[in-house]
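**Student:** Sequence below, structure please.
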Amino acid sequence: MVTFSKISRFFQKVLIRALRMQTESVFIVSFVLLVLSAAIVRLVISSGGLPSIYSSLIYIPLAIVGLLFGFRVGLLFGAIVAIVMGPFALSYPFISDNLVSTGWFFLLMSCTFVPVITGLVSSTLKTTLRREQHAKFRHQETGLPNIKALLGYFKSLSKNPRLSDESLFDIIDIRLKNFDDIQQKIGTEKAHRLVKLMAKQLSELLGNQVHFGQASDNELIGVQHAAEKENHDVQDNLKEYLQKEVQAEDGTSYQLDPSASILRVNKRQLTESSQEVLNRSRERAYRVKDSDDILSFFDESKPAKQQSSFSKQFSDALINNEMSLLYQPRLSTVTGHFESLEVSSRWLHPTRGDIVFSEFSSMIKENQLTKEYLMWMIESCFKDLSQFAQQQRQPKVSIDISLGEYVEPNVLYALANKIQTTDYPPTRICIEVLDSALMNLTPKTRTYLEKLHNIGCNIIADHFGEGFSTIQSLFKLPVDAIKLSDELIHSAGSNSDAKRQLASIVKIAHAKGLRTIATGVNSKEKLLLLKHIGCEELQGSVLTPPVLKEALPWERIK
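**Tutor:** Below is the predicted model:
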């Protein structure tokens, strides 16, 4: 049974399709309507009036003209039709017998009224459709393209016939880790305007061909056509921008806490699955977000068959000196100076660019290269320490010797051998071991660890607070300090129960004679909180990021 609602939905679909017609289609339809209108007028003239059902046909093309071209064109078209059918266009003898002439003013009004009404309806529908499209493909607060719009742009790139399958694209994902804090300080509206301003500034910085959108309140995603030789320039420009304060339109400057990733792919990968490419880009940015690094670069554009295995790439990197050590100073809340340096690394890949340790550590474990990596790190670290000693400097360094659940005895032996052969004071060496690995010490590794502890090395239980150990269990082991997990510190920043738990852990650790170290300190609020509860050493991007040995702030290191 045909109901009124079904008829209404049918005409609604017809109207929407009509409003979305291409220019060529509109031209054809308008031409047909003009011919139809001329035929109807001719019928009126030849039939001697409109006494029959044909009297209403003239309004159909008028209504459609108003619908397609708007009320202004419809008004003009209706007036022309009325004039053609009126006394000004027909001879006097004919008018006297023509029913149209007696009601010409009524005809003029009706011929103009119908297209004006349908034109206004058309305008309303077009406005509604525009708003619908805006809401569907734009971020609600900033008006920037959203995820759906970005995916649509990816698909348009993949279908561009002028681009080859090997054309390169950089997917840039930027996250503001302190967006919530900024939003609380300056308000929601100003915070979103700041994000929109960032998108504009980044577009100007990276070039007109970059297309930025917004995946969430604190996440911007951009895509640009890339060249093989440009990857370092893009990274340098982006890093420089992210490290600066962003100046709003009112002149106020804001210190952001951003992290970013660049994923390089080719057109073929976009064609196969643009959604998967976007997901991988966001996943990599999320990993960087949880570290103290600002930017990571990944090149996935090469086919798998053209890429050598990770093991060979890693071995070649060690031989070709593509790997280098980074040092991140730790601040003593007691003295106000940097009193130790945590050792990490980066990989300056020939095609993928600057890769931070957190991005390839899992591959080291999966390919059973932990021992090879740690041996290289110890060797390189003690070379640097020898250079520091020649400069009359003996900084305290902290070396993480466990990447998994177990500690390699050979690594501990190599560390002890280096301490002995270089005569570097063992009291200036800190050994970080995952608290889960401390719970799994073999008799041999425990013996080695105790010997290192006995000669003066400091043992630190890393990632404490993730549930693998308690302070009571650590007290039975040769441990001097605990390094609080990032998750524990992050939760304490926004949860009162977690804050009390963190304060309790620090208090118990002090009662047992253990120092407390906090990492992942990426905001002033966390800095003040950790200092208030008595944490002795702090490390994070709000203080200083990991740097090369040439960039160490020696004037603040004691």
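**Student:** Quick check: residue 479 is in a helix.
**Tutor:** No. Residue 479: not assigned to a helix; according to DSSP: H, G, I helix; E, B strand; the rest coil it is coil.
**Student:** what's it in contact with, if anything?
**Tutor:** 438, 459, 460, 461, 514 (Cβ atoms under 8 Å, 6 or more residues apart in numbering). C-beta: built from backbone N, CA, C; applies to glycine.
**Student:** quick one: the second one is in a helix?
**Tutor:** No. Counting by three-state DSSP, residue 459 is located in no helix; its state is strand.
**Student:** residue contacts, it?
**Tutor:** Counted by Cβ under 8 Å, 6+ apart, residue 459 has contacts 430, 431, 433, 449, 452, 453, 477, 478, 479, 480, 481.
**Student:** Can you give me the pLDDT of the spatially closest residue to residue 415 that is not a sequence neighbour?
**Tutor:** Here the nearest residue to residue 415 in space, its sequence neighbours aside, is residue 378; by Cβ to Cβ, 6 or more residues apart in numbering that works out to 5.6 Å. The confidence metric pLDDT takes the value 95 at residue 378.
**Student:** Is residue 378 in contact with residue 417, as I believe?
**Tutor:** No. With contact defined as Cβ atoms under 8 Å, residue 378 does not count as touching residue 417 (9.2 Å).
**Student:** pLDDT below threshold where in the stretch 451-558 of the chain?
**Tutor:** By pLDDT under 70, the weakly predicted segments of the stretch 451-558 of the chain are 466-469, 474-475.
**Student:** all helices of it, in order?
**Tutor:** Listed in chain order, the helices of the stretch 451-558 of the chain (DSSP state H, counting those that start in this stretch) span 471-474, 486-492, 496-511, 524-532.
**Student:** Report the buried residues of whichever helix in the chain runs longest.
**Tutor:** Criterion DSSP state H: the longest helix present in the chain is helix 104-137. Residues 104, 107-108, 111-116, 118-119, 122, 125, 137 are the ones in helix 104-137 that count as buried (16 or more other Cβ atoms under 10 Å).
**Student:** And stretch 342-356, by the same measure?
**Tutor:** By 16+ other Cβ under 10 Å, the buried positions in stretch 342-356 come out as 342, 343, 344, 345, 346, 347, 349, 352, 353, 354, 355, 356.
**Student:** Endpoint to endpoint, stretch 503-521 covers what distance?
**Tutor:** From its first residue to its last, stretch 503-521 covers 16 Å (Cα to Cα, to the nearest Å).
**Student:** same deal with stretch 459-472?
**Tutor:** First-to-last distance for stretch 459-472 - Cα to Cα - comes to 16 Å.
**Student:** how far does it sit from the chain's center?
**Tutor:** 32 Å (Cα atoms, centre = their mean, to the nearest Å).
**Student:** Give me the buried stretch members for it, please.
**Tutor:** Judged by neighbour count (16+ other Cβ under 10 Å), stretch 459-472 contains these buried residues: 459, 460, 461, 462, 463, 464, 465, 468, 469, 471.
**Student:** Over to stretch 382-395?
**Tutor:** Residues 382, 384, 385, 388, 395 are the ones in stretch 382-395 that count as buried (16+ other Cβ under 10 Å).
**Student:** who's in contact with the second one?
**Tutor:** It refers to residue 384. Counting by Cβ under 8 Å, 6+ apart, residue 384 has contacts 325, 549.
**Student:** would it count as being in a helix?
**Tutor:** Yes. The assignment for residue 384 (three-state DSSP) places it in a helix.
**Student:** ok, and what's touching the helix or strand encompassing residue 413?
**Tutor:** Assigned by DSSP states H and E, residue 413 belongs to helix 409-422. For helix 409-422, the external contacting residues (Cβ under 8 Å, 6+ apart) are 371, 374-375, 378-379, 382, 385-386, 399, 401, 424, 426, 429, 431, 442, 444-445, 448-449, 451-452, 455, 457.
**Student:** Could you tell me how many residues sit around residue 494?
**Tutor:** Applying other Cβ atoms under 10 Å, we find 11 residues neighbouring residue 494.
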